[in-house]
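# Quick one: sequence plus predicted model below, questions after.
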Amino acid sequence: MRIGADSDVSRRIGLEHWHAQMQAMSTSISRLSSGLRINSAMDDAAGLAIAEKMRSHVLGARQAHHNAQDGISLLRVADGALTETAGLLQRMRVIAVQAANGTWSDAQRAALQLLMDSSLKAVDEVARTTAYNTIHLLDGSRSGLTLQVGSTAGATLAVDLGGAASADGLGLGTAGTTTTTYRTVTTTTPDQTVTTTTPDTYVTTPGPDQVITETTTTYTYSSDKSGVVSGTVPATNSPTATATTVYNIDNGEVLLSGAQVGTWDAASHVVTMNEGWSVAFVTSITNGGSGKGQFSLDVTPHTTTTTKPVPGQPVTTLVPGTTTTTVIPGTTTTSQVAETVTTPGSAPSLLSQESAAAAVDTIDAAIAMLSDRRATIGAAENSLTHAIAALQVQEINLAAAEGRIRDVDIPGEAARLAKLQAAAEASAQAVSQALLSQFAAVNMLLGALDQSPAVQRDDKAAAGPAPVNTPAKSGSATSSPPSQAKSASAPAARPAGSA
């Protein structure tokens, strides 16, 4: 028998089977842990497509179930409102029958008419306010609606709500109404001109300073009486005497050309002129006791000019008043004015015995119409109830069918996993046996080489005494993991459980 020491075909075949079994074990563990036979499209593409289609129908049936329940809720709201309307109609019929009796006066019939009109208003109010999820049901704005009660596009149920359930819609006419409207009134005020006038005012300001020039004249006096003039004496009037003027003194009078022009004071030696100036002499200028004398006198003026500032006089200025004109814009005011409009009604009249009898027939027709609408709504409720029951059965059956396709068979899959685990263990043992067979061939070759004489001589010459080869004990064995290609040499042994 040929043993190939340089080939690992057996080990590769074992490893290939081992990897395939490990992959199958991974798939089996994934199914058991998730509870699903189909975890991805690669598990079962056709089964996945069928299961997804069934799941769509299951979810659609579940939502259709909710839709039908919502439809029943809506219909019950409408039926409840119509029940109240039916009660009002019955009350109106009782009033009409009462008014048809001939025992009532006109005033009493008018009171019964008020009751009829208030009942009609109540019917209109019920029709106006009845709504489900903001959808008005009885005011005539919606005659019907379509409910989606299946998982497919065409699985619908049409519900007829009829027309308006108001008094007019039931053929009872309308009650008189009072409507309050608001009219917009715009009031505009014109622009206003306001004139403001301020009076004249006087403003006093200090005037500019002024410079005043003053002229002062002094005089010096000289006479032919040398050294006899005592000084100058200011005069109030300008002296007219000159050096050629000769004055005579005679008994205290000063004469000029025979005319008295002054006086002589012999005691003080002073000549006083009538012009207001005087001259004092040191000594007397008269002759002894005669009291006469003569002298010449020259008066020389001396003029001195000086300036000095004088504060200015206050100046008063007239400031004219002003006139200001201001325009105040007009305003526009918008207000709402309430206007009440009363519309007469066309309700059944109870003001006479004949009209009251006719009103009974009119109300009977309205009750019959209302009963037909309630019957239609009740039939729709029954249809929805049956649809809900059918949807529940459909949902259960479709969910079961999907589970049979998608869910895992746990007992079968557990048995398959146990089988795969045993097969994987056997593959690992086979790979180990293939490795031991290769090691045995190599050991045999090495033993033959060690016993060759030529090899022994060469070894002794090169390295001294040959090493002692100790044979392995009987029954000992060395094994390697499936992934190890080569290991230390060991005698071949049959592993436990190997074929």
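That came through fine. Numbering: from 1, shown residues only.

# which of the residues in stretch 160-176 are buried?
By 16 or more other Cβ atoms under 10 Å, the buried positions in stretch 160-176 come out as Leu161, Gly162, Ala164, Ala165, Ser166, Ala167, Asp168, Gly169, Leu170, Leu172, Thr174, Ala175. Just so you know, the C-beta spots here come from the backbone N, C-alpha and C atoms, and that holds for glycine as well.

# could I get the residues you listed as CSV with distance to Ser30?
Compiled in CSV, those are given as follows (distance: Cβ to Cβ, whole Å):
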residue, distance to Ser30
Leu161, 54
Gly162, 59
Ala164, 63
Ala165, 62
Ser166, 66
Ala167, 70
Asp168, 70
Gly169, 65
Leu170, 68
Leu172, 72
Thr174, 74
Ala175, 75
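
# From Leu157, how far off is Ser383?
The gap separating Ser383 from Leu157 is 6 Å, by Cβ to Cβ, to the nearest Å.

# could you list every residue that touches Pro206?
Applying Cβ atoms under 8 Å, 6 or more residues apart in numbering, we find Pro206 in contact with Pro311, Gly312, Pro314, Val315.

# Now tabulate the residues you listed in CSV and tack on distance to Gln98 and pLDDT.
CSV is the format used below for those (distance: Cβ to Cβ, whole Å; pLDDT from 0 to 100):
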residue, distance to Gln98, pLDDT
Pro311, 116, 77
Gly312, 114, 70
Pro314, 108, 80
Val315, 107, 78
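
# what's the most distant pair in these?
Between all members of those, the longest pairwise span (Cβ to Cβ) is found for Pro311 and Val315 and amounts to 12.3 Å.

# mind listing what Gln392 touches?
Here Gln392 is in contact with His65 (criterion: Cβ under 8 Å, 6+ apart).

# so Asp298 touches Val246, yeah?
No: counting by Cβ atoms under 8 Å, Asp298 sits too far from Val246 to count as a contact (11.0 Å).

# Distance check, Gly321 against Tyr202.
Applying Cβ to Cβ, the value for Gly321 to Tyr202 is 11 Å.

# Which parts of the stretch 101-250 of the chain are strands?
Taking DSSP state E, counting those that start in this stretch as the criterion, the stretch 101-250 of the chain carries its strands at 131-132, 135-136, 144-148, 156-160, 177-188, 192-197, 201-205, 210-223, 246-250.

# Work out the sheet partners of the last one and label each with its direction, please.
Just to be clear, that refers to strand 246-250. Note on strand 246-250: by DSSP bridges, its sheet partners are strand 253-256 (antiparallel), strand 292-310 (antiparallel).

# again, but for the fifth one
Take DSSP bridges as the rule and strand 177-188 pairs in its sheet with strand 332-343 (antiparallel).

# likewise the fourth one?
Strand 156-160 sits in its sheet next to strand 144-148 (antiparallel), going by DSSP bridges.

# List the buried residues for the strand it pairs with?
By 16+ other Cβ under 10 Å, the buried positions in strand 144-148 come out as Leu145, Leu147, Gln148.

# Show me which of the residues you listed is closest to Ala366.
Leu145 (23.9 Å).

# I figured the closest one hits Val159, correct?
Yes: using Cβ under 8 Å, Leu145 is in contact with Val159, at 5.5 Å.

# Run through the stretch 301-450 of the chain and note the low-pLDDT ranges.
Confidence mapping of the stretch 301-450 of the chain against pLDDT under 70 gives the ranges 342-345, 407-409, 431, 434-435, 437-442, 445, 447-450.

# what are the ranges of the helices in it?
Ranges of helices in the stretch 301-450 of the chain, per DSSP state H, counting those that start in this stretch, are 353-406, 410-450.

# got a list of what Val334 touches?
Actually, residue 334 is Thr. It isn't Val. The contact partners of Thr334, taken as Cβ under 8 Å, 6+ apart, are Thr184, Val185, Thr186, Thr187.

# Just give me how far stretch 330-344 sits from the chain centre.
Computed by Cα atoms, centre = their mean, to the nearest Å, the chain-centroid distance of stretch 330-344 equals 36 Å.

# Could you measure from the most centrally placed residue in the chain over to Met42?
What sits nearest the mean C-alpha location of the chain, by Cα atoms, centre = their mean, is Thr134, with 28.0 Å. Distance, Thr134 to Met42, by Cβ to Cβ: 50 Å.

# Reformat the strands of the stretch 101-250 of the chain as TSV; add mean pLDDT and distance to Ala20.
Formatted as TSV, the strands of the stretch 101-250 of the chain follow (pLDDT from 0 to 100; distance: least, Cβ to Cβ, whole Å):
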stretch	mean pLDDT	distance to Ala20
strand 131-132	92	63
strand 135-136	90	63
strand 144-148	87	50
strand 156-160	88	53
strand 177-188	80	88
strand 192-197	86	107
strand 201-205	81	122
strand 210-223	76	137
strand 246-250	83	180
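
# right, and the ones you listed - which one's nearest Ser371?
Judged by Cβ to Cβ, the one of the strands of the stretch 101-250 of the chain that comes nearest to Ser371 is strand 156-160, at 14.6 Å.

# Sort out which residues of that closest one are buried, please.
Neighbour-count burial for strand 156-160 flags Leu157, Val159 (criterion: 16+ other Cβ under 10 Å).

# tilt between it and helix 353-406?
Angle, strand 156-160 to helix 353-406, by axes from the mean of the first three to the mean of the last three Cα atoms, to 10 degrees: 170 degrees.

# Contacts only, for Ala267.
Contacts of Ala267 by Cβ under 8 Å, 6+ apart: none found.

# for Val246, that is, sorry about that
Applying Cβ under 8 Å, 6+ apart to Val246 gives the contacts Leu256, Gln294, Phe295, Ser296.

# could you redo the last one with a cut-off of 10 Å?
Taking Cβ atoms under 10 Å, 6 or more residues apart in numbering, we find Val246 in contact with Asp224, Leu255, Leu256, Ser257, Gln294, Phe295, Ser296, Leu297.

# can you pick the most crowded of those?
For the contacts of Val246, the largest neighbour count, defined by other Cβ atoms under 10 Å, is 23 neighbours, found at Leu297.

# partner residues bridging that residue?
For Leu297, the beta-bridge partners are Ser223 (DSSP bridges).

# Do I have it right that it meets Tyr221?
Yes: between Leu297 and Tyr221 there is a contact under Cβ atoms under 10 Å: 6.3 Å.

# about what we covered before: turn the strands paired with strand 246-250 into JSON lines, including distance to Gln21.
Shown next, in JSON lines, are the strands paired with strand 246-250 (distance: least, Cβ to Cβ, whole Å):
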{"stretch": "strand 253-256", "distance to Gln21": "181"}
{"stretch": "strand 292-310", "distance to Gln21": "137"}
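
# for the ones you listed, which one sits closest to Gly71?
Across the strands paired with strand 246-250, closest to Gly71 is strand 292-310 (Cβ to Cβ), at 116.7 Å.

# Can you dump the C-alpha atoms of the closest one in PDB for me?
Provided in PDB are the C-alpha atoms of strand 292-310 (Å, rounded to 0.1, in the frame of the first residue of the first chain):
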ATOM      1  CA  LYS A 292      -8.700 206.600  42.300                       C
ATOM      2  CA  GLY A 293      -6.400 204.600  40.200                       C
ATOM      3  CA  GLN A 294      -5.700 203.200  36.800                       C
ATOM      4  CA  PHE A 295      -4.600 199.800  35.500                       C
ATOM      5  CA  SER A 296      -4.500 197.800  32.400                       C
ATOM      6  CA  LEU A 297      -5.400 194.100  32.400                       C
ATOM      7  CA  ASP A 298      -4.800 191.300  29.800                       C
ATOM      8  CA  VAL A 299      -6.800 188.100  30.200                       C
ATOM      9  CA  THR A 300      -5.500 185.100  28.400                       C
ATOM     10  CA  PRO A 301      -7.800 182.000  28.100                       C
ATOM     11  CA  HIS A 302      -6.500 178.500  28.400                       C
ATOM     12  CA  THR A 303      -8.800 175.700  27.000                       C
ATOM     13  CA  THR A 304      -8.400 172.000  28.200                       C
ATOM     14  CA  THR A 305     -10.400 169.200  26.500                       C
ATOM     15  CA  THR A 306     -11.000 165.900  28.300                       C
ATOM     16  CA  THR A 307     -13.100 162.700  27.400                       C
ATOM     17  CA  LYS A 308     -14.800 160.200  29.700                       C
ATOM     18  CA  PRO A 309     -17.000 157.200  29.100                       C
ATOM     19  CA  VAL A 310     -20.700 157.300  30.000                       C
END
